[in-house]
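# Quick one, fold the following:
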Amino acid sequence: MGILSNISGKEAAEIFCKFGYVLDHQTGSHMILYHESRPTLSIPNHKELAPGLLRGLIRKSGLTVEEFLKAK
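Residues are numbered from 1 along each chain as shown. Model (predicted):
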């Protein structure tokens, strides 16, 4: 198991909210998170996110994996 496994979409959204993201709306199964100075994120509301997808979302937000996991 990798360090980014077993994180749900809802849990990932809650962690991103600790960094200033706000849940803007949900379209279908995707939660749209907004931040004033960072890119908008679209997170699928699934029981478990693929590690590659989560790593891409973290990279897009301008965070490091370590920063993300510390806020977990």
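
# how near is residue 56 to residue 10?
According to Cβ to Cβ, to the nearest Å, residue 56 and residue 10 sit 18 Å apart. Every C-beta, even on glycine, is put in place using the N, C-alpha and C of the backbone.

# Quick check: phi and psi on the residue nearest to the spatial centre of the chain?
The chain has residue 12 as the residue nearest its centroid, 4.1 Å off, counting by Cα atoms, centre = their mean. Here is the backbone geometry of residue 12 (degrees, to the nearest 10): phi -60, psi -40.

# what about the strands in this structure?
Remark: strands assigned in the chain by DSSP state E are 22-27, 30-34, 41-44.

# For the shortest one, which residues meet the burial criterion?
Judged by neighbour count using 16 or more other Cβ atoms under 10 Å, the buried positions of strand 41-44 are 41, 43.

# strands paired with that strand, and their directions?
Its sheet considered, strand 41-44 pairs with strand 30-34 (antiparallel) by DSSP bridges.

# Please apply the same query to the longest one.
According to DSSP bridges, strand 22-27 has the following sheet partners: strand 30-34 (antiparallel).

# How about residues contacting the strand it pairs with?
Outside strand 30-34, the residues that touch it by Cβ atoms under 8 Å, 6 or more residues apart in numbering are 9-10, 13, 16-17, 21-26, 40-45.

# Buried among those residues? Make that a ChimeraX selection.
Only the buried entries of these go into this ChimeraX selection, using 16+ other Cβ under 10 Å:
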select :9,13,16,21,41,43
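
# Show me where the protein has its helices.
Counting by DSSP state H, the chain has these helices, from start to end: 9-17, 51-61, 65-70.

# deepest of these, which one?
Comparing the helices of the chain by mean neighbour count (mean count of other Cβ atoms under 10 Å), helix 9-17 ranks first with a mean of 18.

# what residues does it touch?
21, 23, 31, 33, 41, 43-47, 49, 54, 57, 61, 68, 71-72.

# No more questions from me, cheers.
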